[in-house]
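A.B. asks: coordinates only, sequence not included:
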C-alpha cells in the first residue's frame with residue numbers, strides 16, 4: 001500500500017507543479033507585450049547554452065522570464081538605455097537544432113556585458129523599434145551599422 005501512496009503523491013506533486021508553471025506563464029503574459037525569447041546563459045560549449053523564455057516589455061525595460069522556472073521575478077532585465085545591438089546573425093552549427101528555423105540571433109551589449117538573444121524574424125522588427133524609440137530629444141544610436149548584418 002505504501003508504494004501506491006508514494007506514486008499517488010508523486011503524481012499529485014507533478015500535477016501541481018505543471019499547474020503552477022501554466023499559471024505563472026499566464027501571469028507573466030496577462031498584461032500583453034510579451035514575446036518568445038531565448039537568451040544564451042552560458043558560452044562554455046559552442047552553440048549551446050540557450051534557455052527559452054518569455055520577454056515582457058515594461059516601459060524602458062525588457063524583462064526576461066525563464067520558461068521552466070518557478071520564480072515570479074524576471075531572470076534578467078535589459079534596459080533600453082544600456083542595450084546596444086552589435087550585430088545579428090542566423091543560427092549556426094548546433095544552434096540550428098535548438099531553435100526554430102525562422103529565428104535570428106542578436107549579439108548585444110548591456111552595460112558593457114555581452115549578451116546574445118534569439119527571437120523570431122518577425123519579432124526582430126518590433127524589438128528594434130522598441131529599442132530605438134525614445135522621448136523627443138533623447139535619441140541616441142542603439143544599433144551598430146547594418147553593413148555586416150545578413151539579410152533576414
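C.D. replies: Done, it's in. If you're wondering where the values come from, they're calculated on a predicted model, not measured in any experiment. Residues are numbered from 1 along each chain as shown.
A.B. asks: and stretch 110-127, end to end?
C.D. replies: End-to-end span of stretch 110-127 (CA to CA, to the nearest Å): 15 Å.
A.B. asks: for that stretch, what is the average pLDDT?
C.D. replies: Across stretch 110-127, the average pLDDT comes to 90.
A.B. asks: tell me the secondary structure at the residue nearest the centre of the chain.
C.D. replies: Among the residues of the chain, the smallest C-alpha distance to the mean C-alpha position (CA atoms, centre = their mean) belongs to residue 37, namely 3.0 Å. Assigned with DSSP: H, G, I helix; E, B strand; the rest coil, residue 37 falls in the strand class.
A.B. asks: for it, give its distance to residue 111.
C.D. replies: Separation of residue 37 from residue 111 (CB to CB, to the nearest Å): 19 Å. For the C-beta atoms, the positions are set from N, CA and C on the backbone; glycine is no exception.
A.B. asks: residue 24 now?
C.D. replies: Here the criterion is CB to CB. By it, residue 24 lies 27 Å from residue 111.
A.B. asks: so for those two, which residue has more residues nearby?
C.D. replies: Neighbour totals were compared for residue 24 and residue 111, and residue 24 leads with 18 against 11 (other CB atoms under 10 Å).
A.B. asks: from memory residue 67 sits against residue 50, does it?
C.D. replies: No - between residue 67 and residue 50 there is no contact, the gap being 11.1 Å when judged by CB atoms under 8 Å.
A.B. asks: of the two, who's got more company?
C.D. replies: When residue 67 is set against residue 50 and neighbours are counted by other CB under 10 Å, the residue ahead is residue 50, at 20 against 15.
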